[in-house]
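Chemist: build the 3D model from these lines:
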Amino acid sequence: MTTKPIIILPDPLLRQVSQPIERVDDDLNRLIDDMFETMYEAPGIGLAAIQVAVPRRLLVIDLAREGEPKEPLTFINPEIIRSSDERSTYEEGCLSIPDYYAEVERPASITVKSLDRHGKEQITEADGLLATCLQHEIDHLNGTLFIDHISRLKRDMVIKKFTKAAKGKAGL
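Modeler: Numbering: from 1, shown residues only. Model prediction:
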């Protein structure tokens, strides 16, 4: 397993819509393993393939707390097939927008249809943190960031800050 570099805002790839995965094979499973390794190293609880510059509809999640056994979840071609009318708010962060957090309101529960790492269809009923994390990562696959769910003023300030930081690094 290899850790991969995580792309950071304002990288335009983060706004790209990811393509469906046609085949579950050894190459895809290697990518899944690398994504888990990258996510654990970061550390984070979710990672979409686009965040490691692979525009494919794949995401990994592990909500286990430090010291608990790992509970890796893989979602290939995930699709939200049901969302509740009830809403919940969580403070979200993102490995592609380091050290920035904001309250985001989303549906409180969802149902997701996807494939597991063996190509078998799975239906996941999710609420709480898992529902939030799935929606956050599926947003990535659609070129949407969690900052797109906050006020325009706050979003513009975050984008400006990360754009300035990226220009500073490019000038080194």
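Chemist: quick one: the strands in this protein, in order.
Modeler: Along the chain, the segments classed as strands by DSSP state E run 46-48, 58-61, 73-83, 87-94, 97-107, 109-115, 121-127.
Chemist: so which of those strands gets nearest Ala165?
Modeler: strand 97-107 (9.8 Å; CB to CB). Every residue, glycine included, has its C-beta placed from N, CA and C.
Chemist: and that closest one, what's buried?
Modeler: Within strand 97-107, the residues that count as buried by 16 or more other CB atoms under 10 Å are 97, 100, 102, 104, 106-107.
Chemist: TSV for these, including pLDDT and distance to Gln16?
Modeler: Output for the buried residues of strand 97-107, formatted as TSV (pLDDT from 0 to 100; distance: CB to CB, whole Å):
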residue	pLDDT	distance to Gln16
Ile97	97	16
Tyr100	96	21
Ala102	97	22
Val104	98	21
Arg106	98	22
Pro107	98	24
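Chemist: what's near enough to touch Pro12?
Modeler: By CB atoms under 8 Å, 6 or more residues apart in numbering, no residues touch Pro12.
Chemist: my bad, should have said Glu125
Modeler: 109, 111.
Chemist: try 10 Å this time
Modeler: 82, 109-112, 131 (CB atoms under 10 Å, 6 or more residues apart in numbering).
Chemist: Asp148 contacts Asp156, correct?
Modeler: No. Look at Asp148 against Asp156 with CB atoms under 10 Å: they stay out of range, at 11.5 Å.
Chemist: per-residue confidence at the residue lying closest to Leu9 once chain neighbours are set aside?
Modeler: Taking CB to CB, 6 or more residues apart in numbering, and ignoring the residues beside it in sequence, Leu9 has Phe162 as its nearest neighbour in space, at 4.2 Å. In this model, Phe162 is scored at 95, pLDDT.
Chemist: surely Phe162 and Pro10 touch.
Modeler: Yes. The pair Phe162 / Pro10 is scored as a contact, 5.5 Å apart, by CB under 10 Å.
Chemist: who touches both of the two?
Modeler: The contact lists of Phe162 and Pro10 share 96-97, where a contact means CB under 10 Å, 6+ apart.
Chemist: and stretch 98-117, end to end?
Modeler: 28 Å (CA to CA, to the nearest Å).
Chemist: swap in stretch 46-60?
Modeler: 6 Å.
Chemist: and for stretch 45-56?
Modeler: Start-to-end, stretch 45-56 (CA to CA) is 19 Å.
Chemist: pLDDT of that stretch, averaged?
Modeler: The model assigns stretch 45-56 a mean pLDDT of 98.
Chemist: cheers, nothing more for now.
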